[in-house]
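Student: let's see this in three dimensions:
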Amino acid sequence: MPFPNIDPVAITIGSIAIRWYSLAYIFGLLAGYWYINQLIKTPPPILTQNQLSKFFSWIIVAVICGGRFGYVIFYQGSYYIEHPIKVFYLWEGGMSFHGGLIGVFIAVVIFSRLQKIKLLGLSDLIASAAPIGIFFGRLANFINGELYGRISDVPWAIVFPTGGKHPRHPSQLYEAVLEGLVLYFILLVLVRFTNIRHKPGLVTGVFLSGYGFARIIVEQFREPDIQLGFFIFQTTMGQWLSVPLLLLGIYLTYRSILNLNTKTKTK
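Tutor: Numbers count the residues shown, from 1 in each chain. Here you go, the predicted model:
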């Protein structure tokens with residue numbers, strides 16, 4: 001299949017070009033804010049609307065700074081050691097989900113302590129909305145024709161403009177579906193129709209393990225970064241970074257369920 005003719009620039013105002021990639025971050029953050037705002041209206045009480053508004057600015061900084069420095073450290077360390085000023089050239093691209101996640105984690109820890117909010121309660125709210133941002137981000141990756149998949153002969157394989165003449169897996173769409181839509185609806189069902197929100201850490205555990213598992217699977221179809229290539233056993237950097245998320249997610253899920261059973265027996 002040919003690559004769809006989608007201009008990466010969504011809007012041009014004079015000499016200013018607004019790209020779909022930037023809009024994806026904006027849409028993802030705003031949609032996530034709206035969703036969390038709906039969640040905090042129902043019990044259990046975690047934070048107020050005023051606290052959410054304050055934390056929103058923290059999230060913006062955490063996602064951008066964490067995502068950028070994660071990319072610099074995990075994927076292009078040697079390049080940026082030689083060109084340190086380019087670390088701040090955000091318009092040239094280069095963001096890491098795992099780095100953004102670390103940034104958000106740091107923000108959650110600090111903000112929860114300053115505002116005297118339950119750490120796991122706050123992280124559960126953020127985890128519930130995270131797949132929304134992931135979905136928009138992966139769609140933007142597809143529009144940019146970046147982070148494409150490996151060469152394939154499946155009927156839906158696409159010839160990407162920068163991926164050579166061979167058709168490839170549209171792995172960005174795989175990620176948008178698995179890490180975004182599927183994970184979002186799993187969490188939505190659990191949050192809406194079960195008492196999962198009354199078990200601190202369980203939403204976070206399901207999100208981390210779900211994302212880690214989905215990312216490890218999709219990396220089997222995604223072309224590894226050219227500067228890194230494959231690691232041992234044909235694994236990729238994305239897979240290695242996702243293993244700790246999978247394990248941490250399983251631990252938090254088990255811990256939350258175990259704590260619930262312990263409280264039940266005590267009663």
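
Student: next up, phi/psi of residue 27, please.
Tutor: The phi and psi values for residue 27, taken as degrees, to the nearest 10, are phi -60, psi -40.

Student: is it true that it touches residue 134?
Tutor: No: Residue 27 is beyond contact range of residue 134, at 11.9 Å (criterion: CB atoms under 8 Å). For glycine as for every other residue, the C-beta is placed from the backbone atoms N, C-alpha and C.

Student: neighbour count: the two, which is higher?
Tutor: residue 134 (24 against 18; other CB atoms under 10 Å).

Student: relative to residue 24, how far out is that one?
Tutor: 10 Å (CB to CB, to the nearest Å).

Student: secondary structure element for residue 11?
Tutor: strand 9-13 (DSSP states H and E).

Student: state the mean pLDDT of that strand.
Tutor: Taken as a whole, strand 9-13 has an average pLDDT of 84.

Student: tell me the first helix or strand C-terminal of it.
Tutor: strand 16-19.

Student: next one: that next one to chain centre, how far?
Tutor: Distance, stretch centre to chain centre, for strand 16-19: 23 Å (CA atoms, centre = their mean, to the nearest Å).

Student: what segments of the chain are helices?
Tutor: For the chain, the helices defined by DSSP state H cover 20-39, 49-74, 77-82, 97-115, 119-144, 171-175, 183-193, 202-218, 237-266.

Student: closest one to residue 156 among the ones you listed?
Tutor: Smallest distance to residue 156 across those (CB to CB): 8.8 Å, for helix 171-175.

Student: what separation do you get for the residue nearest to the spatial centre of the chain and residue 149?
Tutor: Central residue check for the chain by CA atoms, centre = their mean: the C-alpha nearest the mean position is that of residue 134, 4.5 Å away. Distance of residue 134 to residue 149, given as CB to CB: 17 Å.

Student: ok, residue 68 next?
Tutor: 24 Å.

Student: try residue 86
Tutor: 27 Å.

Student: how about the helices of the chain in TSV, adding distance to residue 10 and mean pLDDT?
Tutor: Formatted as TSV, the helices of the chain follow (distance: least, CB to CB, whole Å; pLDDT from 0 to 100):
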stretch	distance to residue 10	mean pLDDT
helix 20-39	5	92
helix 49-74	19	91
helix 77-82	28	83
helix 97-115	22	94
helix 119-144	9	94
helix 171-175	17	96
helix 183-193	23	94
helix 202-218	26	96
helix 237-266	27	84
